[in-house]
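A.B. asks: Need coordinates for the below:
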Amino acid sequence: MRLKGLIKKSVKSLPSSRRSTAVILIIALISATLLHFPWVLTEAPFKFLLEVHVVREGKHVPALIYVKALYPEGQRFIGFARAVSGVGWIWVDYESWKQAWEKEKALTGFHAKPSFIIVVFTEDGYADIKGFVLEWRELKPYLFGGKKNIIIEPRLRRVRGKPIKVTRSTQASVIPLLDIFLQSSRVLDGEAVLVDYYEAEKRVNLGKIYFDPNIGEGYGSLFIGYYQNFKVGISLAFTLITVDVWSIDFDFVSIGSSSPGSDKAIANASNPSGYISIIVRYRYEWWKYYENGEPIDESFEMWIKNFYPNTIKAERGQDVSIHVWDTKYSGYGKGWSEPTYSEYDFQVDGTRFSADLLWFAGLLDTLGKIPEALKSYAGWLTLFVSLNAYQSGALAFAYDLEYIAPSNVQVKVIKGKHKFDGNPYDLYNALYWKMLKT
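C.D. replies: Residues are numbered from 1 along each chain as shown. Now for the predicted structure:
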């Protein structure tokens, strides 16, 4: 009615002979505006647009897309898209999200980059969960360039559950371009629901050294420190009810603390083992995914939510399992004038290192929060957390390892790796070393 009144008012002053032509021109102008700038009818210009491409074997595939955002307390569901042609659009109202993290930093000193957790289920029977970390400056109104394209290639074959059929919503526009913008105000017909969560704290080892007492004189020393306000990439361990494997998504979050922390451990013949540990807070979440009220799948997720640098101490914590030891040095000691072996600041074996998750998984199992079937999935017995010290062009953690051994004693230095037999199956670095007499 408003549009009709506007047209009548616009042509009222024109001669009757020209009114019909004017009406036609005005209608044409409005139609062109809606076609090329459809967001004028929505609140889309003031939101951030996330465009998700779901691809398998180089081709777009139909998929259901669920998007969660990482808040200080945990994950929140923020959007759903039915990607009929393999592309889905989610409009993000980011202001409250940003404010939540600003408040968290002011209260506790913890701060994080914006992390999207995207869950996809494809029509051809695959699924995955993938985190994407952005910068806060990227989150701005669409009107001013606030858009991000993300590509996901699902890795996990669904071996049970109802097949996914992706069809266009009854609310969808027949004009694809208009449909993108109308999604900003449409009632969602898919949702993710948080069913349960749990948190616990534990002291875990960041690094560990061992000095064989049979060497006699000499020692090993390990320093580890955290640079305040620098961020650490933390992995997500997860599985879905419809698959048969536990998976690791690396660097799904990038989080830092305003507190510094460091300590140094010494190992020698009288005290063979040295440790550098930290208290961390683990979090578990159980989610259910629905389409039109019907259950699609369930996810079980675990990660380190927070770490406390001011708790870094030279005391024993929970070990991550070591399955393989790589030889880093073999030969005679070099005496007291120089280290027999040394490493510092992730110059060897990359910037990722492993920490324990099995303690938390076992606690959840004891509390009855892990379904029995999930414990038979590949990877359950080797779950771990990957910490990435290198984020945004800088190291958040530093370490300095040094071994001293007599020049008349043959020794070898070995470094530990954790083997994860889930997805991706591989060996992962740990800051664990031993010097042994040979």
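A.B. asks: Quick one: residues contacting the residue nearest the centre of the chain.
C.D. replies: The C-alpha lying nearest the average C-alpha coordinate of the chain belongs to Phe252 (CA atoms, centre = their mean; 1.2 Å). Shown in contact with Phe252 (CB atoms under 8 Å, 6 or more residues apart in numbering): Ser115, Ile117, Lys130, Gly131, Val133, Ile234, Ser235, Leu236, Trp303. Every residue, glycine included, has its C-beta placed from N, CA and C.
A.B. asks: ok, it to Met302 distance?
C.D. replies: Distance, Phe252 to Met302, using CB to CB, to the nearest Å: 11 Å.
A.B. asks: what's the overlap in contacts for those two?
C.D. replies: With CB under 8 Å, 6+ apart, Phe252 and Met302 have common neighbours Leu236.
A.B. asks: hmm, back to that, from the contacts of Phe252, which land in strands?
C.D. replies: Assignment to strands by DSSP state E places the following of those there: Ser115, Ile117, Lys130, Gly131, Val133, Ile234, Ser235, Leu236, Trp303.
A.B. asks: For the stretch 301-438 of the chain, which segments count as helices?
C.D. replies: 358-366 (DSSP state H, counting those that start in this stretch).
A.B. asks: just the strands in it please.
C.D. replies: Taking DSSP state E, counting those that start in this stretch as the criterion, the stretch 301-438 of the chain carries its strands at 324-332, 341-344, 352-356, 384-388, 390-391, 394-395, 397-404, 410-420, 426-437.
A.B. asks: Export those to CSV and append columns for mean pLDDT.
C.D. replies: Below are the strands of the stretch 301-438 of the chain laid out as CSV (pLDDT from 0 to 100):
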stretch, mean pLDDT
strand 324-332, 98
strand 341-344, 97
strand 352-356, 97
strand 384-388, 98
strand 390-391, 93
strand 394-395, 94
strand 397-404, 98
strand 410-420, 98
strand 426-437, 98
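A.B. asks: ok, Pro114 touching Trp136?
C.D. replies: Yes: Pro114 lies in contact with Trp136 (CB atoms under 8 Å); the separation is 6.0 Å.
A.B. asks: circling back to that earlier point, and the ones in strands among the contacts of Phe252, which two are the farthest apart?
C.D. replies: Lys130 and Ile234 (14.6 Å; CB to CB).
A.B. asks: Looking at these two, which one has more neighbours?
C.D. replies: Ile234 (26 against 20; other CB atoms under 10 Å).
A.B. asks: mind listing what the more buried one touches?
C.D. replies: Asp251, Phe252, Val253, Ser254, Ile255, Trp303, Ile304, Val385, Ser386, Leu387, Asn388.
A.B. asks: what's near enough to touch the residue nearest to Lys328 when sequence neighbours are not counted?
C.D. replies: The shortest distance from Lys328 to any non-neighbouring residue, by CB to CB, 6 or more residues apart in numbering, is to Val413 (4.7 Å). Taking CB under 8 Å, 6+ apart, we find Val413 in contact with Thr327, Lys328, Tyr329, Ser330, Thr340, Tyr341, Tyr403, Trp433, Lys434, Met435, Leu436.
A.B. asks: who does Val413 bridge with?
C.D. replies: Residues in a beta bridge with Val413, per DSSP bridges, are Tyr329, Met435.
A.B. asks: re earlier: export the strands of the stretch 301-438 of the chain as a markdown table, with columns for distance to Ile279.
C.D. replies: Listed next are the strands of the stretch 301-438 of the chain as a markdown table, based on distance: least, CB to CB, whole Å:
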| stretch | distance to Ile279 |
| --- | --- |
| strand 324-332 | 27 |
| strand 341-344 | 25 |
| strand 352-356 | 12 |
| strand 384-388 | 14 |
| strand 390-391 | 21 |
| strand 394-395 | 21 |
| strand 397-404 | 15 |
| strand 410-420 | 21 |
| strand 426-437 | 17 |
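A.B. asks: Tell me which of the ones you listed lies nearest to Ala100.
C.D. replies: Going by CB to CB, the one of those nearest Ala100 is strand 390-391, 20.5 Å.
A.B. asks: how distant is the closest one from the center of its chain?
C.D. replies: Here the centre of strand 390-391 is set off from its chain's centre by 14 Å, with CA atoms, centre = their mean, to the nearest Å.
A.B. asks: That one packs against which elements?
C.D. replies: When contacts are defined as 3 or more CB pairs under 8 Å, 6 or more residues apart in numbering; DSSP states H and E, strand 390-391 packs onto strand 231-240.
A.B. asks: Any buried residues in the next helix-or-strand element following the strand it packs on, and which?
C.D. replies: Remark: after strand 231-240, the chain's next helix or strand is strand 247-257, criterion DSSP states H and E. Of all the residues in strand 247-257, those buried under the rule 16 or more other CB atoms under 10 Å are Ser247, Ile248, Asp249, Asp251, Phe252, Val253, Ser254, Ile255, Gly256, Ser257.
A.B. asks: Quick one: mean pLDDT over strand 247-257.
C.D. replies: Taken as a whole, strand 247-257 has a mean pLDDT of 97.
A.B. asks: CA atoms of that strand as PDB?
C.D. replies: Provided in PDB are the C-alpha atoms of strand 247-257 (Å, rounded to 0.1, in the frame of the first residue of the first chain):
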ATOM      1  CA  SER A 247      39.000 -36.200  14.300                       C
ATOM      2  CA  ILE A 248      41.200 -33.300  15.100                       C
ATOM      3  CA  ASP A 249      40.600 -29.800  13.600                       C
ATOM      4  CA  PHE A 250      43.800 -27.800  14.100                       C
ATOM      5  CA  ASP A 251      43.900 -24.100  15.100                       C
ATOM      6  CA  PHE A 252      40.100 -23.900  15.300                       C
ATOM      7  CA  VAL A 253      40.500 -21.100  17.900                       C
ATOM      8  CA  SER A 254      43.200 -18.500  18.500                       C
ATOM      9  CA  ILE A 255      43.300 -17.300  22.100                       C
ATOM     10  CA  GLY A 256      45.600 -15.300  24.300                       C
ATOM     11  CA  SER A 257      46.000 -14.000  27.900                       C
END
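A.B. asks: Could you look up the next helix or strand downstream of it?
C.D. replies: Using DSSP H and E, the helix or strand that follows strand 247-257 towards the C-terminus is strand 261-267.
A.B. asks: Distance from the chain centre to that next one, please.
C.D. replies: That offset, for strand 261-267, works out to 29 Å (CA atoms, centre = their mean).
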